[in-house]
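Chemist: model this:
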Amino acid sequence: MVDDIDFNKSVKSIKIKWKDSDFIGHYALPIPLIGAVIVLILDAKYYQSHNYQIGMAVTIGLLYLIIDVIYQNDKLIKVPFYGNVTELRKSLKEKIEQDGWILYRNNAHYITADKQGKWLAGSKMAILFDKGVVFINVQNLEGFRGYFPFSFGRNKRIREEFIKSIGSYKVS
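Modeler: The predicted structure follows:
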């Protein structure tokens, strides 16, 4: 479930700050890899073989990739907008409901919604409204096994669809 966001911190840092997201739940996937890297480094003097070095390089590479993807998932994308924000919010609310999303918050500062996935984890979305700019973030929902950071392009496609919708919005 999508709860609340810290609007001021999110806009200031240009990274989404979910109030219901905890550190361990959000980083459940890379924490075991960090532990594995630490164990491998501590045992390095016993494992000087070629296979060990390849395993260490693959583990560190995977860890870097996962942390980078998680970092990228938290970024807010800026979309310039100088029209009537109230009308835009109304239009976006209709689109969100039409596309099957569950709307959780819709106030003067932001909209939050989520949509359950058919096979994998669903997505959660936040659209923030600030002076002359709209921020958007779409990322995977946290499941009972933690946060899986990879959406294989699904969240990017959703984000681009909403960015296009914001960009094509005309004040009547």
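
Chemist: can you pull the buried residues of the longest helix that the chain contains?
Modeler: Secondary structure of the chain per DSSP state H: the longest helix is helix 50-73. Within helix 50-73, the residues scored as buried using 16 or more other C-beta atoms under 10 Å are 56, 59, 63, 66-67, 70, 73. Using the backbone N, CA and C atoms, a C-beta is placed for each residue, glycine as well.

Chemist: same question for stretch 151-164.
Modeler: 151, 154-155, 158-159, 162.

Chemist: tell me the mean pLDDT for that stretch?
Modeler: The average pLDDT for stretch 151-164 rounds to 87.

Chemist: what's next to it, contact-wise?
Modeler: Applying C-beta atoms under 8 Å, 6 or more residues apart in numbering, the contact partners of stretch 151-164 are 73, 77, 79, 92, 95, 120, 123, 125, 127, 136-140.

Chemist: can you select the buried ones from the residues you listed in ChimeraX?
Modeler: Applied in ChimeraX, the following selects the buried portion of the contacts of stretch 151-164 according to 16+ other C-beta under 10 Å:
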select :73,79,92,123,125,127,136,137,138,139,140
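
Chemist: now, among the contacts of stretch 151-164, which is nearest to F7?
Modeler: Using C-beta to C-beta, I127 comes nearest to F7 of the contacts of stretch 151-164, at 11.5 Å.

Chemist: all helices for the chain, in order.
Modeler: 7-13, 23-26, 30-42, 50-73, 85-98, 154-167.

Chemist: tell me which of the ones you listed sits nearest to T112.
Modeler: It's helix 85-98; of the helices of the chain, that one is closest to T112 (C-beta to C-beta) at 9.8 Å.

Chemist: contacting residues around that closest one?
Modeler: With C-beta under 8 Å, 6+ apart, helix 85-98 has contacts from 81, 103, 106, 108, 111, 113, 125, 127, 129, 134, 162, 165-166, 169, 171-172.

Chemist: again, only this time at 6 Å
Modeler: Contacts with helix 85-98, where a contact means C-beta atoms under 6 Å, 6 or more residues apart in numbering, come from 103, 106, 113, 129, 165, 169.

Chemist: mind exporting the C-alpha coordinates of that helix to CSV?
Modeler: In CSV, the C-alpha atoms belonging to helix 85-98 read as follows (Å, rounded to 0.1, in the frame of the first residue of the first chain):
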residue,chain,number,x,y,z
VAL,A,85,-2.5,22.7,-11.7
THR,A,86,-6.0,22.0,-10.4
GLU,A,87,-7.2,21.1,-13.8
LEU,A,88,-4.1,19.0,-14.5
ARG,A,89,-4.7,17.1,-11.2
LYS,A,90,-8.2,16.4,-12.2
SER,A,91,-7.2,15.1,-15.6
LEU,A,92,-4.4,12.9,-14.1
LYS,A,93,-6.9,11.6,-11.5
GLU,A,94,-9.2,10.5,-14.3
LYS,A,95,-6.4,8.9,-16.2
ILE,A,96,-5.1,7.1,-13.1
GLU,A,97,-8.5,5.6,-12.3
GLN,A,98,-9.2,4.8,-16.0
